[in-house]
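A.B. asks: pasting the structure only:
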Ligand SMILES: NC(=O)C1=CN([C@@H]2O[C@H](COP(=O)(O)OP(=O)(O)OC[C@H]3O[C@@H](n4cnc5c(N)ncnc54)[C@H](OP(=O)(O)O)[C@@H]3O)[C@@H](O)[C@H]2O)C=CC1
Ligand SMILES: CC(C)CCC[C@@H](C)[C@H]1CC=C2C3=C(CC[C@@]21C)[C@@]1(C)CC[C@H](O)C(C)(C)[C@@H]1CC3
């Protein structure tokens with residue numbers, strides 16, 4: 001019995017994100033990076049390269065209102081998640097042959113949240129004050145990510161072996177805490193990873209953006225075109241994710257990755273506070289955008305969105321029902337697992353067309369901030385690194401899963417993300 005537990009706990013020797021060293025440093029460095037980026041975005045110089053780096057004074061990191069707001073926000077979203085609205089969908093087949101059920105009511109949660117925000121505005125609640133609360137909120141969200149990650153790590157020891165993620169149970173506590181041991185941790189029917197991936201942080205990002213817009217209105221008696229574009233583009237991205245909530249059930253995060261610090265912090269702190277940097281930058285560094293530039297940026301976002309949505313939907317439909325009329329005529333290659341790989345349509349253009357679309361949108365979100373500072377382009381740089389790394393991880397997993405069939409796909413579709421470039 002003991003022996004089998006040992007074998008179970010080290011199914012993979014390969015470690016990602018720099019192994020134990022990465023897993024020990026990232027949980028310290030990333031929260032500091034969020035605070036650094038937030039305080040640079042509101043400083044007059046907004047310089048990323050200033051030495052010594054600008055860190056906020058400790059007095060700016062705490063406000064008793066922040067934990068209350070965060071607690072209220074989480075309670076609201078847990079309640080909305082449990083409401084019997086929308087349909088219930090099944091995830092992909094698990095190792096033990098079963099499928100988990102997931103409520104598809106994220107879009108309802110977004111609409112109700114936006115409705116509540118409009119009500120608050122109508123009641124005269126100064127949403128612009130979120131600008132002054134950003135640092136304390138980011139500190140509390142980070143604290144919450146740590147608490148959740150400790151809970152996830154400890155509770156995973158009660159999970160059955162088939163419920164463990166392939167990469168997150170090496171036996172090294174630091175690494176497993178970071179990557180996540182359990183694939184789909186649940187409290188009853190409440191799926192913690194699925195909830196965190198799409199609700200409090202993602203919708204929280206929209207709220208932070210709206211707060212920045214209201215701060216701009218307070219300061220300058222109106223919202224700038226640049227701020228409206230950033231808010232509009234990112235709202236579209238979040239609304240799209242929730243409208244197509246079912247598609248998240250076939251992404252790497254849900255299907256392959258465990259739920260540990262990386263995703264908990266990513267979902268709850270990194271997304272709402274680092275992804276909203278353009279909006280917080282614009283509060284202190286207004287940009288006047290001409291009509292021609294705005295049109296070109298809208299076009300770029302539209303092209304990126306089209307590629308992103310079409311390719312993600314094509315793969316999702318194909319994985320759920322390969323005989324569906326919209327995908328049945330596409331060329332595919334067989335793999336030894338019984339699953340087929342698309343080699344025409346969007347997935348015949350490059351091996352990750354969805355990343356290409358996402359990166360075009362990322363650029364469109366930064367361009368409204370002009371070219372005077374580097375900070376608004378932080379997201380494009382980070383996202384390129386994230387997706388190039390993610391593509392390499394996915395490639396390794398697919399080669400292990402599909403062997404020769406994957407090599408044949410790579411020969412047939414030689415470029416990874418950018419046609420003729422990479
Ligand atoms: N905004 C953000 O911060 C982030 C956004 N994203 C976005 O999330 C979306 C999902 O990305 P991600 O989860 O990384 O991965 P994908 O949705 O691209 O999923 C990759 C999986 O798709 C399947 N697949 C790969 N090639 C083919 C093919 N030719 N035919 C059929 N199936 C194929 C494989 O799984 P299998 O064969 O087992 O089904 C592979 O493991 C992307 O649009 C990405 O841009 C991702 C990360 C961060
Ligand atoms: C903390 C580290 C630097 C890395 C954290 C990575 C996470 C922030 C991202 C990993 C995969 C994500 C996805 C989305 C948001 C960012 C994270 C959590 C996503 C929900 C965004 C909206 C998209 O439409 C999507 C396809 C649903 C995304 C799924 C992956």
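C.D. replies: Sure thing, it's come through. Note that the structure is predicted; figures quoted are calculated from it, not measured. Residues are numbered from 1 along each chain as shown. Ligands and ions are numbered 1, 2, ... in the order given.
A.B. asks: phi, psi of residue 125?
C.D. replies: phi -70, psi 130 (degrees, to the nearest 10).
A.B. asks: and if you look at residue 181?
C.D. replies: Backbone torsions for residue 181, taken as degrees, to the nearest 10, come to phi -80, psi -40.
A.B. asks: my guess is it contacts residue 154. True?
C.D. replies: No. Using C-beta atoms under 8 Å, residue 181 is not in contact with residue 154; the gap is 9.8 Å. For the C-beta atoms, the positions are set from N, CA and C on the backbone; glycine is no exception.
A.B. asks: what about these two, which has more around it?
C.D. replies: residue 181 (26 against 11; other C-beta atoms under 10 Å).
A.B. asks: any idea how far stretch 256-273 is from the chain center?
C.D. replies: 8 Å (C-alpha atoms, centre = their mean, to the nearest Å).
A.B. asks: sorry, that was for stretch 101-112
C.D. replies: So, by C-alpha atoms, centre = their mean, the centroid of stretch 101-112 is 17 Å from its chain's centroid.
A.B. asks: ok, stretch 223-239 next?
C.D. replies: Put simply, stretch 223-239 sits 17 Å off its chain's centre (C-alpha atoms, centre = their mean).
A.B. asks: ok, and does that stretch reach over to ligand 1?
C.D. replies: No. Against ligand 1, stretch 223-239 shows no contacts by C-beta under 6 Å from any ligand atom, the least distance being 7.4 Å.
A.B. asks: next SSE downstream of the lengthiest helix in the chain?
C.D. replies: Scanning the chain for the helix with the most residues, using DSSP state H, yields helix 291-320. Heading C-terminal from helix 291-320, the first helix or strand you meet, by DSSP states H and E, is strand 332-334.
A.B. asks: the helix or strand following that next one packs against which elements?
C.D. replies: The helix or strand immediately downstream of strand 332-334 is strand 340-342, counting by DSSP H and E. Where contact means 3 or more C-beta pairs under 8 Å, 6 or more residues apart in numbering; DSSP states H and E, strand 340-342 is packed against helix 291-320, strand 332-334, helix 404-412.
A.B. asks: okay, now the sheet partners of the shortest one, with direction.
C.D. replies: So that's strand 332-334. strand 340-342 (antiparallel) (DSSP bridges).
A.B. asks: got the angle between the helix or strand just after the partner strand and helix 291-320?
C.D. replies: Sequence order places helix 353-366 as the next helix or strand after strand 340-342, per DSSP H and E. On the basis of axes from the mean of the first three to the mean of the last three C-alpha atoms, to 10 degrees, helix 353-366 is oriented at 150 degrees to helix 291-320.
A.B. asks: now do stretch 40-48: distance from first to last residue.
C.D. replies: 7 Å (C-alpha to C-alpha, to the nearest Å).
A.B. asks: next one: that stretch to chain centre, how far?
C.D. replies: 25 Å.
A.B. asks: got the phi/psi numbers for residue 215?
C.D. replies: phi -60, psi -40.
A.B. asks: that one touches residue 282, doesn't it?
C.D. replies: No. Residue 215 is beyond contact range of residue 282, at 9.6 Å (criterion: C-beta under 8 Å).
A.B. asks: which of the two has more neighbours?
C.D. replies: Taking neighbours as other C-beta under 10 Å, residue 215 and residue 282 compare with residue 282 leading, 28 against 25.
A.B. asks: and the stretch 251-400 of the chain, which residues reach ligand 2?
C.D. replies: Going by C-beta under 6 Å from any ligand atom, the residues of the stretch 251-400 of the chain near ligand 2 are 251, 253, 262, 265, 266, 267, 270, 271.
A.B. asks: please look at the third one and residue 17 and confirm they touch.
C.D. replies: Yes. Distance between residue 262 and residue 17: 7.2 Å, which falls inside the contact criterion (C-beta under 8 Å).
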